[in-house]
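Trainee: Starting from these lines, generate the structure:
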Amino acid sequence: MLDNRKKRILQAIVDEYINTAEPVSSGSIVNKYGLDFSSATIRNDMAELEKVGFLDKPHTSSGRIPSAKGYRFYVDELIKDDNISLEEIKYIQSKLETKVNQIEELTKIATSTLSEITHYTTVAIGPKIQNIEEIKFVLLGTRMLMAVILTDSGVIKETIIKFDEDITNEQVEMLNFIFNNKLRGKPLDSIDKPLEEYIFSEMNYSLSVIKPVMQEINKVIHEDAKIYLEGTNKAFDLPEFKSLEVAKNFINVLDTKELVLDILDAGLANDINVYIGNETEHSELKDFSIVTFKHRIANKDLGTIGIIGPTRMDYSKVISVMKYISCLLYTSPSPRD
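Mentor: This next block holds a predicted model:
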């Protein structure tokens with residue numbers, strides 16, 4: 001693999017390119033990064049690093065830029081993950097300690113805070129699989145109910161149900177009893193056709209009462225996962241996005257919900273996951289890097305939060321801030337506590 005000298009030179013090149021977005025020459029790093037090697041030695045090592053695929057040489061410049069392989073080695077072997085200031089720590093704490101009532105609010109705050117600190121576009125989704133903790137029906141009028149579904153992850157789903165005939169408090173109490181008795185602790189997708197038939201037989205009420213309840217609850221629990229986006233405009237301040245092709249690809253990625261969900265669903269539960277360029281196997285992402293982490297409180301999976309930016313991403317800053325936010329979220333009390 002690489003000897004220590006080449007590692008130091010590669011780290012200096014990646015750091016310099018992240019800071020300047022300009023191809024890096026040996027002269028630009030020899031003094032700036034405290035390298036106690038001659039310019040000639042650095043030039044020779046840069047040529048070797050290019051030869052083994054860690055650096056690329058743009059046609060219009062004598063300098064080098066990191067390749068995807070170079071960025072991967074940098075992230076895996078060279079990165080510092082404590083690149084976060086005391087001011088940033090205090091700011092994150094003040095944001096995440098805000099009292100919220102629903103987990104979606106906490107996700108939004110974490111997503112926007114991450115974007116504010118890193119200056120990149122952030123994206124998040126809620127938990128994929130949830131169990132029902134409680135269903136509550138509240139009578140709003142003689143022909144109107146509100147249904148509130150509370151999941152074990154703290155997510156609250158609600159909907160209004162309208163009827164063609166009057167309903168009574170007795171019917172509402174029966175709905176609350178049967179739904180909770182049958183569904184507590186079960187996955188959301190347990191609300192299905194057999195359940196409708198079971199409730200109809202148990203309550204012995206007309207389908208004009210049961211059907212609207214089932215239709216509206218099914219609609220709300222099967223709605224598409226919410227995607228939270230923050231800092232989209234920040235991307236267009238970066239030099240990479242002066243390229244029309246890169247800018248269009250970026251917009252298309254964010255507009256393609258299935259692609260965003262696929263990216264955020266991937267990765268290990270307890271790790272920060274970094275995908276560089278073509279590592280995602282999505283050609284639309286060849287110019288971008290994506291860094292994600294699973295949003296958890298205690299042992300509950302509450303979704304995924306990620307950053308999307310150019311491959312010339314400040315990985316040290318992004319990973320340091322993500323680690324801190326992830327730890328802070330993990331030790332946070334549930335919004336319902």
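
Trainee: Tell me where the protein has strands.
Mentor: Counting by DSSP state E, the chain has strands at residues 55-56, 65-66, 121-125, 132-141, 144-151, 156-162, 227-230, 272-276, 288-297, 300-310.

Trainee: what helices or strands is the first one leaning on?
Mentor: Put plainly, it is strand 55-56. helix 39-51, strand 65-66 (3 or more CB pairs under 8 Å, 6 or more residues apart in numbering; DSSP states H and E). C-beta: built from backbone N, CA, C; applies to glycine.

Trainee: gap between it and the chain center?
Mentor: On the basis of CA atoms, centre = their mean, to the nearest Å, strand 55-56 sits 30 Å off its chain's mean C-alpha point.

Trainee: And the last one, by the same measure?
Mentor: Averaging C-alpha coordinates over strand 300-310 and over its chain gives two centres that are 1 Å apart (CA atoms, centre = their mean).

Trainee: Just the pLDDT for the nearest residue to residue 301 once chain neighbours are set aside.
Mentor: Leaving aside its chain neighbours, residue 301 sits nearest to residue 127 (5.4 Å; criterion: CB to CB, 6 or more residues apart in numbering). Listed pLDDT for residue 127 reads 72.

Trainee: count of neighbours near residue 127?
Mentor: Number of residues near residue 127 (other CB atoms under 10 Å) recorded here: 21.

Trainee: same question, residue 225
Mentor: Neighbours around residue 225, by other CB under 10 Å: 14.

Trainee: In contact with the residue nearest to it when sequence neighbours are not counted, which residues are there?
Mentor: Spatially, and ignoring its direct neighbours in sequence, residue 225 is nearest to residue 125 (5.1 Å; CB to CB, 6+ apart). By CB atoms under 8 Å, 6 or more residues apart in numbering, the residues touching residue 125 are 225-228, 260-261, 264-265, 303-304.

Trainee: Tell me the bridge partners for residue 125.
Mentor: Judged by DSSP bridges, the bridge partners of residue 125 are residue 227, residue 304.

Trainee: any idea how far it is from residue 231?
Mentor: 16 Å (CB to CB, to the nearest Å).

Trainee: so who does the nearest residue to residue 39 once chain neighbours are set aside touch?
Mentor: Leaving out its chain neighbours, the residue that sits closest to residue 39 by CB to CB, 6+ apart is residue 26, at 4.7 Å. By CB under 8 Å, 6+ apart, the contact set of residue 26 is 39-40, 42-43, 46.

Trainee: make it 6 Å
Mentor: Residues in contact with residue 26 (CB atoms under 6 Å, 6 or more residues apart in numbering) are 39, 42-43.

Trainee: Using TSV, please lay out those together with distance to residue 316 and neighbour count.
Mentor: Below are the contacts of residue 26 laid out as TSV (distance: CB to CB, whole Å; neighbours: other CB atoms under 10 Å):
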residue	distance to residue 316	neighbour count
39	26	14
42	22	23
43	26	18
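
Trainee: Can you tell me which of the residues you listed lies closest to residue 291?
Mentor: Set against residue 291, the nearest of the contacts of residue 26 by CB to CB is residue 42 (29.5 Å).

Trainee: Tell me where the chain has helices.
Mentor: For the chain, applying DSSP state H gives helices covering 4-20, 26-29, 39-51, 68-73, 86-96, 103-118, 169-183, 193-203, 207-221, 244-255, 257-265, 315-330.

Trainee: how big is the angle separating the last one from helix 86-96?
Mentor: Counting by axes from the mean of the first three to the mean of the last three CA atoms, to 10 degrees, helix 315-330 points 40 degrees away from the direction of helix 86-96.

Trainee: For helix 315-330, list every residue counted as buried.
Mentor: Neighbour counts using 16 or more other CB atoms under 10 Å place 315-322, 324-326, 328-329 of helix 315-330 among the buried residues.

Trainee: can you list the residues you listed in TSV and add pLDDT and distance to residue 248?
Mentor: Output for the buried residues of helix 315-330, formatted as TSV (pLDDT from 0 to 100; distance: CB to CB, whole Å):
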residue	pLDDT	distance to residue 248
315	97	25
316	96	29
317	96	27
318	96	24
319	96	28
320	96	31
321	96	28
322	94	27
324	93	34
325	92	30
326	89	32
328	85	36
329	81	34
